[in-house]
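*Asks:* kindly generate the corresponding structure for this input.
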Amino acid sequence: MSRPTSRRTFRTALAGLLLALAAAGCGAPDAGGGAAEDKGPQQVPARPGEPVVLDILDVAGNLQLTQGMIDAFVAEHPDIVSKVTYSKAPAPDLAGKIKAQQQAGRVQIDLVLTGTDGLAAGISQKLWSSMDAHRAFLGTPDYLEPAAEMQKLAQGQGTAVVYYPSGPLIEYNPDKVKNPPRTPAELLAWAKANPKRFQYADPANSGPGRTWLMGLPYLLGDKNPSSPASWDKTWAYLKELDKYVDVYGSGTTETMKNLASGQTDMIMSTTGWYINPRALGTVPKKMKAGHFDNMTWVTDAQYAVVPKGVDADTMSAALNLVKWMLTPEQQAKAYDDGYFYPGPAIKNVPLAMAPEKSRRTLEEYGVPEFDQWIERFPKKPSLPAEAQVEAFDLWNREVAGG
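*Replies:* Okay, here's the model as predicted:
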């Protein structure tokens, strides 16, 4: 795939986010039946008057981690939820989809599972119901400290349901890379000596690409890692590295396949992206992962949000479900097959609590050192969506467009 094609992929994702964020100036939507939400906290019963059908939209791949939790809730609480229907959509489409339903006065999506991008776009347009208004109902989750920091990004309008430290990590073929780089300078030297053998994907469409971009300011010592425009060292480094990168993958999967096929020898990765593709057989098990000295983890989370406009019984069902998802027994299912490793957002959920399949997978494909690295290195939350869009645009102009 040529570099211009990658830029088109980036622009498509970026345009969706920019349109969603720009629409914030239009004010709050006409939420139809949800208008009471704007007048004050909605009065929600402890249980719905009769079981509800819950329509859940996933724009983050979250169901891979949480569908088992949700299905178990339906099985054990048929008096609250009679049935769940699932659908999926790209994150950039989320805000427009929800807003159109709210303006028509017919909200058909009851619960959304989203990453930081869809979360922030909805916050900017005032699309989400307040979760803080129902804090007495939900209680206060006993979040891991980094997950609690990610929860702040929700601004009281969503609830973090899974968390992981993400990256940036390198993934490499040990047959080709005998001394994996431990610093950005060593990576640059390796890329120069082995042109076209290192790759990462467009940050706008790749978790490993994003964490690489957001983690570099910490590694290189830029003064303000939260302000992309001030990343003088980061942009200079990436422009120099660009000389030795053949193409940027359109997404993480492309880079994984290139590593597996031998088209590249080293790529950017994360904890989950290292474990899960190897467990699925997409990437050979022999591939290795490494960290940079003095790295800072860029953390990530996924959230449950409720659109304004749902009725009180549906809100009750959604709140009961979210509360259930944050119990230790259900959180243990977030270990999954390492997709979002570790996965649980709350404290005191060891791997021993996970389903047997998860334990077997992580025993075979996991990396015990990951837990040591997670404990050892500091963690910082991802940039808010507006700052991410700025960083993606700068990357596109300063790096990929060079």
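*Asks:* what's the nearest residue to Leu220 if we skip its chain neighbours?
*Replies:* Lys233 (4.2 Å; CB to CB, 6 or more residues apart in numbering). From N, CA and C alone the C-beta is placed, and that goes for glycine too.
*Asks:* mind checking which helix or strand that neighbour is in?
*Replies:* Lys233 belongs to helix 232-242 when elements are defined using DSSP states H and E.
*Asks:* next: Gln67.
*Replies:* Going by DSSP H and E, Gln67 is part of helix 63-76.
*Asks:* now swap in Lys97 and tell me
*Replies:* Per DSSP H and E: helix 94-103 holds Lys97.
*Asks:* average pLDDT across that helix?
*Replies:* When pLDDT is averaged over helix 94-103, the result is 95.
*Asks:* give me the buried positions along it.
*Replies:* Leu94, Ala95, Lys97, Ile98, Lys99, Gln101, Gln102 (16 or more other CB atoms under 10 Å).
*Asks:* quick one, helices of the stretch 151-300 of the chain?
*Replies:* Secondary structure of the stretch 151-300 of the chain (DSSP state H, counting those that start in this stretch): helices at 184-193, 207-220, 232-242, 252-261, 271-280.
*Asks:* tell me which of those sits most buried.
*Replies:* A comparison of the helices of the stretch 151-300 of the chain by mean neighbour count, using mean count of other CB atoms under 10 Å, puts helix 207-220 on top with a mean of 26.
*Asks:* helices or strands up against the strand or helix carrying Arg360?
*Replies:* Using DSSP H and E, Arg360 falls within helix 356-365. Packing partners of helix 356-365 (3 or more CB pairs under 8 Å, 6 or more residues apart in numbering; DSSP states H and E): helix 271-280.
*Asks:* report all helices and strands that the helix it packs on contacts.
*Replies:* By 3+ CB pairs under 8 Å, 6+ apart, helix 271-280 packs against strand 159-167, strand 169-172, helix 207-220, helix 252-261, helix 356-365.
*Asks:* what about the third one, average pLDDT?
*Replies:* In other words, helix 207-220. 95.
*Asks:* what does stretch 289-301 give?
*Replies:* Mean predicted confidence for stretch 289-301 is 97.
*Asks:* quickly note the distance from Ile70 to Glu145.
*Replies:* 26 Å (CB to CB, to the nearest Å).
*Asks:* those two: which is more packed in?
*Replies:* Neighbours per residue, other CB atoms under 10 Å: of Ile70 and Glu145, the larger number sits with Ile70, 22 against 8.
*Asks:* contacting residues for Asp246?
*Replies:* Pro195, Lys196, Gln199 (CB atoms under 8 Å, 6 or more residues apart in numbering).
*Asks:* lowest-scoring secondary structure element of this structure by mean pLDDT?
*Replies:* helix 3-22 (a mean of 40; mean pLDDT, DSSP states H and E).
*Asks:* what sits against Lys380?
*Replies:* Counted by CB under 8 Å, 6+ apart, Lys380 has contacts Tyr218, Pro225, Thr296, Trp297, Val298, Thr299.
*Asks:* SS state for it?
*Replies:* strand (DSSP: H, G, I helix; E, B strand; the rest coil).
*Asks:* report the beta-bridge partner residues of it.
*Replies:* Val298 (DSSP bridges).
*Asks:* just use 17 as the starting number from now, easier for me
*Replies:* Will do, 17 is the new start, and the previous item becomes Lys396.
*Asks:* how near is it to Val314?
*Replies:* Applying CB to CB, the value for Lys396 to Val314 is 6 Å.
*Asks:* again with Leu257
*Replies:* With CB to CB as the criterion, Leu257 and Val314 are 18 Å apart.
*Asks:* now Asn292
*Replies:* From Asn292 to Val314 the distance is 18 Å (CB to CB).
*Asks:* mind checking pLDDT for Trp144?
*Replies:* The model's pLDDT for Trp144 equals 97.
*Asks:* could you find the closest non-adjacent residue to Ala207?
*Replies:* Tyr260 (4.0 Å).
*Asks:* thought the one you found was touching Ala205?
*Replies:* No - counting by CB atoms under 8 Å, Ala205 is not a contact partner of Tyr260; they are 10.0 Å apart.
*Asks:* one step back: packing partners for the helix holding Gln83?
*Replies:* Taking 3+ CB pairs under 8 Å, 6+ apart as the contact cut, helix 79-92 packs with strand 97-104, strand 175-183, helix 328-341, helix 344-347.
*Asks:* could you pull out the buried residues of the first one?
*Replies:* Right, the one you point to is strand 97-104. By 16+ other CB under 10 Å, the buried positions in strand 97-104 come out as Val97, Val100.
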